[in-house]
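S.K.: next comes the sequence, and after it the predicted model I'd like to discuss.
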Amino acid sequence: MKKKIAVIGGGIVGATASYYLAKAGHSVSVFDSGKGQATAASAGIICPWLSRRRNKKWYRLVSEGAAFYDKLLADLASDGLKTDAYARCGALILGQSVDYLQEVHDRALERREQAPLIGN
Ligand SMILES: Cc1cc2nc3c(=O)[nH]c(=O)nc-3n(C[C@H](O)[C@H](O)[C@H](O)COP(=O)(O)OP(=O)(O)OC[C@H]3O[C@@H](n4cnc5c(N)ncnc54)[C@H](O)[C@@H]3O)c2cc1C
């Protein structure tokens, strides 16, 4: 059943939800205070895989979110909303010691087993 849906907040989460709801045929209105918050401030780097956080639920949310971004771009492109504002260009890790860099490297290789999107 098609519904009238109000989405409060037009950041990446509200905008993405609105897009897919509208695609599914719902009538969507987005309300934003115009202030802009996290999305307006972010640098656009999507690289959750190297985080040292041990919270598995958090890791699953952010890594699946990053993987989903490719689908979002492909869906937008198929609707004629192609953008060249996003490019995958790798990650630069700065560390104060060789041990730290080795740890990050090992973690990346381990996580790549489940998330091949990490690349090289
Ligand atoms: C400084 C900074 C840098 C970041 N850098 C990165 C990064 O490099 N890579 C990365 O992946 N993530 C980054 N993040 C995290 C990422 O930006 C956020 O996780 C994401 O943008 C959150 O999106 P959101 O839609 O949930 O919230 P928001 O983008 O905060 O959207 C909320 C929207 O709701 C609106 N709003 C709020 N209150 C109301 C109200 N009462 N009525 C109407 N509208 C309202 C606001 O105007 C805003 O547009 C960064 C965050 C910050 C703060």
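M.R.: Great, that's in hand. Residues are numbered from 1 along each chain as shown.

S.K.: up against the ligand, what does the chain have?
M.R.: Proximity of the chain to the ligand (CB under 6 Å from any ligand atom) is limited to residues 8-14, 31-33, 35-39, 41-46. C-beta here means a position set from N, CA and C on the backbone, and glycine is covered the same way.

S.K.: check for me that residue 28 belongs to a strand.
M.R.: Yes. If the criterion is DSSP: H, G, I helix; E, B strand; the rest coil, then residue 28 is within a strand.

S.K.: from what I see, it and residue 7 are in contact.
M.R.: Yes. Using CB atoms under 8 Å, residue 28 is in contact with residue 7, at 6.2 Å.

S.K.: hey, what's in contact with both of the two?
M.R.: Common contacts of residue 28 and residue 7, defined by CB atoms under 8 Å, 6 or more residues apart in numbering, comprise 18, 21.

S.K.: so which residues of this structure form helices?
M.R.: Using DSSP state H, the helices found in the chain span residues 12-23, 38-41, 56-78, 98-112.

S.K.: from the contact counts, what lies against the second one?
M.R.: The criterion is 3 or more CB pairs under 8 Å, 6 or more residues apart in numbering; DSSP states H and E, and the helices and strands that helix 38-41 contacts are helix 12-23.

S.K.: likewise for the third one?
M.R.: With contacts defined as 3+ CB pairs under 8 Å, 6+ apart, helix 56-78 has these neighbours: helix 12-23.

S.K.: I'd like the mean pLDDT over stretch 108-120, please.
M.R.: Mean pLDDT, stretch 108-120: 90.

S.K.: any buried residues in that stretch, and which?
M.R.: Across stretch 108-120, burial judged by 16 or more other CB atoms under 10 Å covers 108, 111, 115, 118.

S.K.: in terms of pLDDT, where does the residue of the chain found nearest the ligand sit?
M.R.: With CB to the nearest ligand atom, the shortest gap between the chain and the ligand falls at residue 11, namely 2.2 Å. Listed pLDDT for residue 11 reads 93.
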